[in-house]
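K.L.:
Predicted model follows, preceded by the sequence.
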Amino acid sequence: MNKTNRGNFFEDFRLGQEIVHATPRTLSCGDVALYQGLFGGRFAVASSDEFARKLGYARAPVDDLLTFHIVFGKTVPDVSLNAVANLGYAEGRFGVPVYPGDTLSAVSKVIGLKENSNRQTGVVYVRSTGVNQRSETVVEFVRWVMVRKRDPEAEAPAETVPETMPRLPPDSWHLPPPLPAGAYDWTLAGSSFAWEDYEAGECIDHVDGVTVEEAEHMMATRLYQNTAKVHFNQHSEGQGRFGRRLIYGGHVISLARSLSFNGLTNAFRLIAINGGRHAAPCFAGDTVYAWTRVEETLAIPGRDDVGALRLRTFATKNRSCADFPEGAEGASGADPAVILDFDYTVLVPRRG
Amino acid sequence: MNKTNRGNFFEDFRLGQEIVHATPRTLSCGDVALYQGLFGGRFAVASSDEFARKLGYARAPVDDLLTFHIVFGKTVPDVSLNAVANLGYAEGRFGVPVYPGDTLSAVSKVIGLKENSNRQTGVVYVRSTGVNQRSETVVEFVRWVMVRKRDPEAEAPAETVPETMPRLPPDSWHLPPPLPAGAYDWTLAGSSFAWEDYEAGECIDHVDGVTVEEAEHMMATRLYQNTAKVHFNQHSEGQGRFGRRLIYGGHVISLARSLSFNGLTNAFRLIAINGGRHAAPCFAGDTVYAWTRVEETLAIPGRDDVGALRLRTFATKNRSCADFPEGAEGASGADPAVILDFDYTVLVPRRG
Amino acid sequence: MNKTNRGNFFEDFRLGQEIVHATPRTLSCGDVALYQGLFGGRFAVASSDEFARKLGYARAPVDDLLTFHIVFGKTVPDVSLNAVANLGYAEGRFGVPVYPGDTLSAVSKVIGLKENSNRQTGVVYVRSTGVNQRSETVVEFVRWVMVRKRDPEAEAPAETVPETMPRLPPDSWHLPPPLPAGAYDWTLAGSSFAWEDYEAGECIDHVDGVTVEEAEHMMATRLYQNTAKVHFNQHSEGQGRFGRRLIYGGHVISLARSLSFNGLTNAFRLIAINGGRHAAPCFAGDTVYAWTRVEETLAIPGRDDVGALRLRTFATKNRSCADFPEGAEGASGADPAVILDFDYTVLVPRRG
């Protein structure tokens, strides 16, 4: 009897199928510290229990992207072990904050299937939901991946491509309770720029660059229990498409988010992931930079303590962002140095 | 006065000598997280407090091998600082589970001594025992190492070679209390293969490979406070036998155990270490693969919730295990890619 | 509006200015574990809750140097983002112990300013103080850095160079309560050498060497939220002065402290940092060694449980310390392998 899991192939998925992913995971302050060592985050809410408590949190919540990576990681053995490419994200939304001690698990539902014309691969669309030990949603998102077929001759299901929204409406967001008046300490946070100071179209160069090492991206990806083979095995990848281990795309998202502190210091909470594209691969030795364009400034009805910004953050490799190089979908065409084009929504305190 | 500890040489050991090792160590969820980042384990019992509690644990126990490495590390400054080689293990047995917050310390007893004929070195046999803050045994094992003599002319003690059992009898195992009926969630664990599904002689390729980086094995070995010089000092090792830092043998054991999740998903607890041999050195840049042969399936008298499997896991470097290469003691002779031959016993839930 | 912080330049500082640094930081057992994995410390007080409690601590305190690095890191974005060189330390003093769960923040006061004659740079002297959530001082120190001017023509403030003491008087030290009689377990600590066994002028070779990897020093420096650009960006540093990422000087201090366990096993607490000089840069791939000269043995009035040692620890790169190479200020002149000359005071139990 063959007991090894070789992952699902395109023809193994069925529309409407629900997959309960394995390996629930209790997050701890140890995970938070390792994430800190890997990305160097400085957002005060995630850094200080004291700062977070003043805003109404029980203590410092786990970084939103760590939650995302943990949930994403759970889906890999079932959804994308035989993936050729991670094609996109949509309708991502963060739920209740995650604290050390919470246990996360994940389920996915197959919401679309589309065989490619060469019959070698197909696109699988899933909606994945991560929950805590009280079954409260911590993050959910749609993603679609190109998955190999085991047998090119295998019959493909009828083509279904789900419609997704370009961004979720604000009334679907999970918002924290109102911040107590005067509770947000701008000095300790590191900047006095409030939600009112940002305007649509504004571009921000995050200035710094950080070089990635093999040990770092592998430790991060294992922390998330993400088992995608291409990140870990130089012996096989050395003979593959790139001759290198490929860095998990989410690693670049976290690097860019961390760099974005410089200019988006008070963007203390991710609300939504509207879309994302890994425009080019990243490898160990590459230096990652980032810049952000403010796409929309969104007042939130009934809230005068916080507002939202829809942002598009571009990460580049081995090229500074002082002149704002754009991604594959940018107005001026693709810059080959661009590796990430990430569309997301953050919460920023209002000056009031 | 020379205050530096240069470690014990062969002629410093006495039969029956008891050594109380230094540096008690409180394990925390931080150690668990770093171990997670280094090895990427997915066994649900060690990953989730919720999953563990349903089986009767107070919370997720520390990975058995992390306990082993911590206790092993304590013995190094006294036993093997001047070792030429770590020759073997026997009669290893795990005790009560270790939880974050427990403080481990270790003692060793010298149970055998045998000078080599060249008079340059001798073999030291010790039985090492790790205990928690309540003096409960967490792991014990016999190991033997080849240790340099300070002075080849020094008189050697009478030769004593202890007899060790090829495997400890089941009535000497430390078993957890019976799992509550229906408590083991096979879906969340990641596989439905129960104890009854394994049979003696069965071979399992764990498929995946992982490349090791210098930063990773050094961080792991420092986490265990293991001070063996060969792992850390490129300046001296560059002029040594291999021209490289040598990776701690236990690092390969942990990599192999982690890879073995794919095929041995429900082997949630290590019971015994029957033997082990580091057949060849491992260096940074090597990619480690593993496969396992089921040596015995062992029903446990009075227990219908769990059964035991005696396993032999072989790790290789830079060679996949699809054709099950065997170790130095294998029937087909040595394969030079084999770096570990590890004989141990695990607990697996019965389907019931 | 430009929202990016480019750091302060020399002409931005004012004598007497007080800077409240951003990003309070709650330390956790996760930080302790990652620090353990990076430096491999073996001092029993910081390793074991049980050992620490016997001496009167609530539990194992955070390593003193981790506290120092965290506080130092907070000052970087305001004080030394545009620094050319970190010139020196003085009047460093540790305060109350830090435990996991404590939240640290930091303020600095500008106590001196001196433009250099080339008008391109100036020296900024600051006194930085780190406090916990109860506003108790955990560490304070004076440091001075050479900082670039934004505009060489900018007018410089009147020159003020503060006087600092070569070492703080013992009555200014923060001492722990007396150790309970018989509470210090020399065997578990790892050595029987007590305060009485050390004498002024004594030199100790710490024997071991450890090679540093890029991933390690970057993870450490990010753990401290230290944002100095030179440590992280190979793309820009490759075109810079050294062609390499420069390792944070504090990384070498921690490596040397960890190595010093071998010979200074019972130096369980840092009391003061009297001075320090990073004599030469350290890069990934370098192997760091250390040796220590005991400068003074200091009995503490009213205390027969502990005494102090003023130490000078020298770290070297790629050169063992068996012959005690000295630093830039040493009697025999500079040895180019010396990278650190660190003058500090430790507490050691008395035999009584």
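P.N.:
Good, I have the coordinates.
K.L.:
Indicate each strand paired with the lowest-mean-pLDDT helix or strand in chain A and its parallel or antiparallel sense.
P.N.:
Ranking every helix and strand in chain A by mean pLDDT, DSSP states H and E puts strand A:83-94 at the bottom, with a mean of 92. Strand A:83-94 pairs in its sheet with strand A:137-148 (antiparallel), strand A:269-277 (antiparallel), by DSSP bridges.
K.L.:
Let me see the mean pLDDT of the shortest one.
P.N.:
By that I understand strand A:269-277. The pLDDT scores in strand A:269-277 average 97.
K.L.:
Which positions in the stretch 101-250 of chain A make contact with chain C?
P.N.:
By Cβ under 8 Å from any Cβ of the partner chain, the residues of the stretch 101-250 of chain A that approach chain C are A:187-191, A:193, A:197, A:202, A:204-211, A:213-216. The way it works is simple: take the backbone N, C-alpha and C, and place the C-beta from them, glycine included.
K.L.:
how about a cut-off of 7 Å?
P.N.:
Counting by Cβ under 7 Å from any Cβ of the partner chain, the residues of the stretch 101-250 of chain A close to chain C are A:187-190, A:193, A:197, A:204-205, A:207-211, A:213, A:215-216.
K.L.:
sorry, back to before: pull out the buried residues from the helix or strand that comes right after the least confident helix or strand of chain A.
P.N.:
For strand A:83-94, the succeeding helix or strand toward the C-terminus, using DSSP states H and E, is strand A:103-115. For strand A:103-115, the neighbour count (16 or more other Cβ atoms under 10 Å in any protein chain shown) marks A:103-108, A:110-115 as buried.
K.L.:
what angle sits between strand A:103-115 and strand A:137-148?
P.N.:
Strand A:103-115 runs at 40 degrees relative to strand A:137-148, counting by axes from the mean of the first three to the mean of the last three Cα atoms, to 10 degrees.
K.L.:
Give me the mean pLDDT for strand A:103-115.
P.N.:
98.
K.L.:
what element comes up after it heading to the C-terminus?
P.N.:
strand A:121-131.
K.L.:
ok, back up a step: same question for the least confident helix or strand of chain A: list its buried residues.
P.N.:
Buried, per 16+ other Cβ under 10 Å, within strand A:83-94: A:83, A:86-94.
K.L.:
cool, and stretch A:114-134?
P.N.:
A:114-115, A:121-133.
K.L.:
Max pairwise distance over those: which two?
P.N.:
A:115 and A:133 (38.4 Å; Cβ to Cβ).
K.L.:
From the buried residues of strand A:103-115, list the ones also adjacent to chain B.
P.N.:
A:103, A:105.
K.L.:
contacting residues for the closest residue to chain B within the stretch 51-200 of chain A?
P.N.:
Nearest residue of the stretch 51-200 of chain A to chain B: residue A:103, at 4.5 Å (Cβ to the nearest Cβ). When contacts are counted by Cβ atoms under 7 Å, 6 or more residues apart in numbering or on different chains, residue A:103 touches A:24-26, A:132-133, B:48-50.
K.L.:
show me what contacts residue A:266?
P.N.:
Per Cβ under 7 Å, 6+ apart, neighbours of residue A:266: A:189, A:191, A:193-194, A:348-349.
K.L.:
okay if I get the residues you listed as CSV plus distance to residue B:231 and neighbour count?
P.N.:
Output for those, formatted as CSV (distance: Cβ to Cβ, whole Å; neighbours: other Cβ atoms under 10 Å in any protein chain shown):
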residue, distance to residue B:231, neighbour count
A:189, 42, 24
A:191, 43, 18
A:193, 47, 21
A:194, 51, 17
A:348, 47, 23
A:349, 48, 22
